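Enquirer: no sequence for this one, just the structure:
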């Protein structure tokens, strides 16, 4: 462990710069994936045909190995941040899109009809009825997407992007376990922190009534 700390503390290894680069690409791609995924999910939820296409296309996107995509876009996007960001965004969209679509399609139409019967406007229905019901499901998709992006961002080093992946790739090339762990341990810690944060956020976003429904079966089972 001392060897790892000494490696990180050595200014010639630029650990601070690599940390900033890694956090930047993760934060940027997660935010963009959320914006695109939620927007597409809302759009396709209004059509069963579009939903079917989106679900199958998302499954296809998830089946493409990220490293293969990175290599494929090299001739067009070059090396560095841009191709890595594009690949990570494509990786991050499907879980968010699918959860948004599933959550909105899963809302009982009788609830929407009842809200309209009470005189609610479309905006009020979205903000007061649909959003509280679907937000925990969307948060679960964001949680999955974020962890995937954080774990996969290290592969960006293969196409010249900065970040913790530089240590892992160089360590594998040099057969240096200390260098590998100097990159892998921070990634694992960041993923753990984000996982815990997203789990708490998901619980907070779950309406009190739904939380009670989730507790009731557990109480009956015990």
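Expert: Arrived safely. What you see is a predicted model; the values in this text were computed from it and never measured.
Enquirer: per-residue confidence for residue 118?
Expert: Reading off the confidence values, residue 118 has pLDDT 87.
Enquirer: How about residue 181: what's its closest non-neighbour residue?
Expert: Take residue 181 and drop its neighbours on the chain: the residue closest to it by Cβ to Cβ, 6 or more residues apart in numbering is residue 4, 5.3 Å away. Where you see a C-beta, it was placed from the backbone N, CA and C, and this is true even at glycine.
Enquirer: The one you found - how many residues pack around it?
Expert: 16 (other Cβ atoms under 10 Å).
Enquirer: Which pLDDT value goes with it?
Expert: 84.
Enquirer: now do residue 191
Expert: Reported pLDDT for residue 191: 94.
Enquirer: Let me know the next secondary structure element after the helix or strand harbouring the residue nearest to residue 181.
Expert: Per DSSP states H and E: residue 4 is located in helix 2-9. Of the helices and strands lying after helix 2-9 in sequence (DSSP H and E), the nearest is helix 15-44.
Enquirer: quick one: average confidence on the next helix or strand after that following helix?
Expert: Per DSSP H and E, the first helix or strand lying C-terminal to helix 15-44 is helix 48-63. Average pLDDT, helix 48-63: 82.
Enquirer: which parts of helix 48-63 are buried?
Expert: Residues of helix 48-63 classed as buried by neighbour count (16 or more other Cβ atoms under 10 Å): 51, 54, 55, 58.
Enquirer: Please verify my assumption that the third one contacts residue 98.
Expert: This points to residue 55. Yes - contact criterion Cβ atoms under 8 Å: residue 55 and residue 98 qualify, at 6.4 Å.
Enquirer: okay, now the nearest residue to residue 156 once chain neighbours are set aside: neighbour count?
Expert: Leaving aside its chain neighbours, residue 156 sits nearest to residue 84 (3.5 Å; criterion: Cβ to Cβ, 6+ apart). Residues lying near residue 84 (other Cβ under 10 Å) number 28.
Enquirer: And the residue nearest the centre of the chain, how far from residue 54?
Expert: Of all residues in the chain, the one closest to the mean position by Cα atoms, centre = their mean is residue 145, 2.0 Å from it. Remark: distance between residue 145 and residue 54 (Cβ to Cβ, to the nearest Å) = 15 Å.
Enquirer: just residue 90 next, same as before
Expert: Distance from residue 90 to residue 54, by Cβ to Cβ: 14 Å.
Enquirer: Let me see the contact set for residue 81.
Expert: 25, 156, 161, 162 (Cβ atoms under 8 Å, 6 or more residues apart in numbering).
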